[in-house]
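S.K.: Everything below, folded, please.
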Amino acid sequence: MRFLLVLVLACAAPLARAQTPSCAWGSGVTLPGGDSRALLITDDGGSGVIAIVWPVISGFMGPVYGNSLHFFHVLEQGTLDPNLPADGVPIISAPDLPSHSEFAGARVLSDGVGGAYLLFRACNSTMAHMRCYEVLQMRLLHLTAQGTIAPGWPALGVLLPPIYGFPDVHAVADIVPDGDAPVGTPHGVIAAWLDESLQFPPVSAQRFAPDGGTLWPGGLAGVEVLAGQATRYSLCVAGDHAGGASVVATQLVSGSTRQLETRAGRVLADGSVPWGAAGKPVVTQPTYSVSAQALTMDDQGRSFVTLDLTSIAYNPERFATQLLNAQGARAWGLFGIELGSIGYNTSASGLATPAGFVSLHTDAAGSPRYQQQDEYGSAIWGDTSDGIPADWTTPPSGQLPLTTAEGHVVTVWQSREGPPNSGIRALELDEDGGIVPGWPATGVAMCDAAPASHNLSDAMISGGNLFVAFGSAEYSGVLPAIQRLSRAVLGARADLPARPIELSTPAPNPARGAWLARLALREAGSVSLEAFDVAGRRVLAVDLGVLPAGRHALAVPGGAELAPGVYRLRARSGNASAERMLVKVR
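M.R.: Numbers count the residues shown, from 1 in each chain. Reported below is the predicted structural model:
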């Protein structure tokens with residue numbers, strides 16, 4: 001089974017050199033509440049983490065799937081949000097769905113202001129007599145920063161069409177941000193899916209506003225981006241950062257030879273489909289079966305696709321890349337650019353960076369190889385399309401590529417070998433494909449926090465940090481955990497405030513007990529916070545310490561002890577200050 005997770009983050013800030021990463025959270029933050037079956041993370045709009053955990057519960061015949069998801073918020077200092085329950089906020093639990101409900105294949109995305117969008121699968125509550133693998137449904141929720149359902153959204157989420165028969169849930173539905181909201185306000189989300197209840201499923205999509213309203217025609221049925229023409233097996237989705245998206249779907253061409261082909265579709269911010277219902281072909285390979293592996297888009301509306309080419313004549317499999325321009329035309333010829341032969345249990349992924357298009361794949365010998373191509377398909381790293389091999393002593397069982405400033409790539413991988421080289425590691429490559437000074441050639445281990453019994457679950461770059469989530473997929477009794485790997489301006493945010501310091505509305509507001517101060521710094525600096533009552537008396541003064549540039553959500557020492565009333569908050573950094581109001585209630 002191929003392991004594939006892709007996250008894209010383009011940044012414009014300068015990147016510091018020769019800085020060795022350090023573990024900011026010791027041996028990691030452990031999330032309570034049960035063993036982890038799935039752990040996904042996203043940013044909280046600042047430098048903290050939202051985590052969604054699908055726990056395992058004990059059954060008569062051993063561990064079984066739990067039927068609740070839990071919402072956690074980890075603050076940037078590595079502590080759990082004091083406003084939430086210690087065991088997390090249960091999102092949907094057994095009373096709401098049949099007892100054999102099964103949650104898997106989840107996807108979580110930040111809404112930009114502390115909440116998150118969550119896509120997950122669950123049993124069809126109207127067909128409780130059938131097992132989850134026989135018929136299930138995808139549900140989409142918008143969660144607030146408190147882990148509650150956002151106003152306007154159904155209590156059990158928006159229901160996508162039913163899926164029948166052993167579906168690969170990662171391949172039949174996905175969500176991406178619509179990327180069209182001012183800083184400080186929540187963005188919407190685009191969902192795309194295959195309607196597997198039909199013989200020839202179309203690819204449909206819908207854009208949802210933060211309040212749950214549909215922004216494209218078709219209501220919950222969505223817009224048909226690719227018409228139903230054949231049996232389809234997989235789906236990749238990427239946002240265009242301007243309210244639209246592209247999709248690539250793999251479909252069956254010939255049942256006798258199991259030949260597959262991949263076609264691409266496009267939907268704009270207004271819901272129109274400029275490439276037509278038939279879409280555009282990605283690669284034409286009459287002697288190969290072509291399956292999409294990954295898809296990203298750049299800021300010019302171009303779609304970068306990574307593909308798996310399987311020969312009908314049983315020759316070695318190969319990976320390939322293709323670039324479609326904004327009109328859907330193939331930029332790299334009919335066949336794309338082949339990356340070389342591959343072996344068993346290999347993976348491939350790709351991403352668009354400001355400098356070009358980066359592919360990562362594992363060759364037949366098990367060595368990871370990297371290549372960056374320009375808009376014409378010319379190789380930038382090394383002399384061939386195969387790219388350059390990574391000089392790792394521990395071959396990976398899965399990789400997660402991320403992009404940072406100046407086209408740098410950070411990859412996180414899990415070793416296939418046993419101790420002492422086991423665990424989860426990370427590595428940063430520069431614009432020439434070389435290892436950035438300060439990083440060991442074999443990668444940085446996650447502070448010995450992820451031994452062989454742990455599985456890499458998710459990772460992201462946010463607020464100048466690399467966050468890595470890991471847990472137990474073998475039910476070995478290991479609780480899920482998150483580690484923060486830090487160095488100056490790693491993946492620094494491009495949405496820094498225009499003023500030296502900005503203070504957002506506290507969370508929650510009104511507040512009953514503890515509350516978070518939410519602020520943003522244009523540059524790193526020492527920050528203090530004061531609270532004044534309606535008579536102008538200063539009733540609280542707190543030194544928040546030196547904070548890096550970016551957005552922060554911090555628990556305020558002594559904030560919970562403020563008496564009920566209305567307070568004026570003032571944050572200072574250097575000679576700059578910003579103010580907001582806080583309401584405390586009983």
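
S.K.: Would you mind writing the CA trace of stretch 426-440 as PDB?
M.R.: Taking Å, rounded to 0.1, in the frame of the first residue of the first chain, the C-alpha atoms of stretch 426-440 are listed here in PDB:
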ATOM      1  CA  ALA A 426      12.900  15.300   9.000                       C
ATOM      2  CA  LEU A 427      15.200  17.000   6.500                       C
ATOM      3  CA  GLU A 428      15.400  20.300   4.700                       C
ATOM      4  CA  LEU A 429      16.700  20.700   1.200                       C
ATOM      5  CA  ASP A 430      17.800  24.000  -0.300                       C
ATOM      6  CA  GLU A 431      17.100  25.500  -3.800                       C
ATOM      7  CA  ASP A 432      19.800  23.300  -5.300                       C
ATOM      8  CA  GLY A 433      18.500  20.100  -3.800                       C
ATOM      9  CA  GLY A 434      21.300  20.000  -1.200                       C
ATOM     10  CA  ILE A 435      20.900  19.600   2.600                       C
ATOM     11  CA  VAL A 436      20.600  23.000   4.300                       C
ATOM     12  CA  PRO A 437      23.500  23.600   6.700                       C
ATOM     13  CA  GLY A 438      22.700  22.700  10.300                       C
ATOM     14  CA  TRP A 439      20.700  19.700   9.300                       C
ATOM     15  CA  PRO A 440      22.300  16.200   9.700                       C
END
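
S.K.: quick one: buried residues of that stretch?
M.R.: 426-431, 433, 435-436, 439 (16 or more other C-beta atoms under 10 Å). To be clear about C-beta, it is placed using only N, CA and C from the backbone, and glycine gets the same treatment.

S.K.: and it, average pLDDT?
M.R.: The predicted model gives stretch 426-440 an average pLDDT of 82.

S.K.: Next: stretch 91-101.
M.R.: Rounded mean pLDDT across stretch 91-101 is 52.

S.K.: and if you look at stretch 457-471?
M.R.: So the average pLDDT for stretch 457-471 ends up being 81.

S.K.: ditto for stretch 370-382
M.R.: For stretch 370-382, the per-residue pLDDT averages 87.

S.K.: Other residues contacting that stretch?
M.R.: The contact list for stretch 370-382 (C-beta atoms under 8 Å, 6 or more residues apart in numbering) reads 302, 321, 323, 331-333, 337, 339, 353, 355-360, 385-388, 390, 407, 409, 429, 432-433.

S.K.: quick one: buried residues of it?
M.R.: So, applying 16+ other C-beta under 10 Å, buried residues of stretch 370-382: 370-373, 377, 379-382.

S.K.: And the contacts of stretch 370-382, which of them are buried?
M.R.: Counted by 16+ other C-beta under 10 Å, those give 302, 321, 323, 332, 337, 339, 353, 356-360, 385-388, 390, 407, 409, 429, 433 as buried.

S.K.: For residue 43, which residues are in contact?
M.R.: By C-beta under 8 Å, 6+ apart, the neighbours of residue 43 are 49-50, 110, 460, 462-463, 467.

S.K.: Can you pick out the most distant pair from those?
M.R.: 50 and 463 (12.8 Å; C-beta to C-beta).

S.K.: Roughly how far does residue 121 sit from residue 279?
M.R.: 26 Å (C-beta to C-beta, to the nearest Å).

S.K.: Contacts only, for residue 563.
M.R.: So residue 563 contacts residue 584 (C-beta under 8 Å, 6+ apart).

S.K.: what do you get if the cut-off is 10 Å, keeping everything else the same?
M.R.: 533, 539, 584, 586 (C-beta atoms under 10 Å, 6 or more residues apart in numbering).

S.K.: pLDDT score for the second one?
M.R.: Per-residue confidence at residue 539 stands at 94 (pLDDT).

S.K.: now do the third one
M.R.: Confidence at residue 584, expressed as pLDDT, is 90.

S.K.: Enumerate the beta-bridge partners assigned to it.
M.R.: residue 511, residue 565 (DSSP bridges).

S.K.: How many neighbouring residues does it have?
M.R.: 21 (other C-beta atoms under 10 Å).

S.K.: my read: it touches residue 556, true?
M.R.: No. Counting by C-beta atoms under 10 Å, residue 584 sits too far from residue 556 to count as a contact (11.7 Å).

S.K.: what's the most distant pair in the contacts of residue 563?
M.R.: 539 and 586 (17.0 Å).

S.K.: Look at those two and report which has more neighbours.
M.R.: residue 539 (15 against 5).

S.K.: Pretty sure that one sits in a strand.
M.R.: Yes. Under DSSP: H, G, I helix; E, B strand; the rest coil, residue 539 falls within a strand.

S.K.: residues near residue 74, how many?
M.R.: 21.

S.K.: How confident was the prediction at it?
M.R.: Value listed for residue 74 in the pLDDT field: 92.
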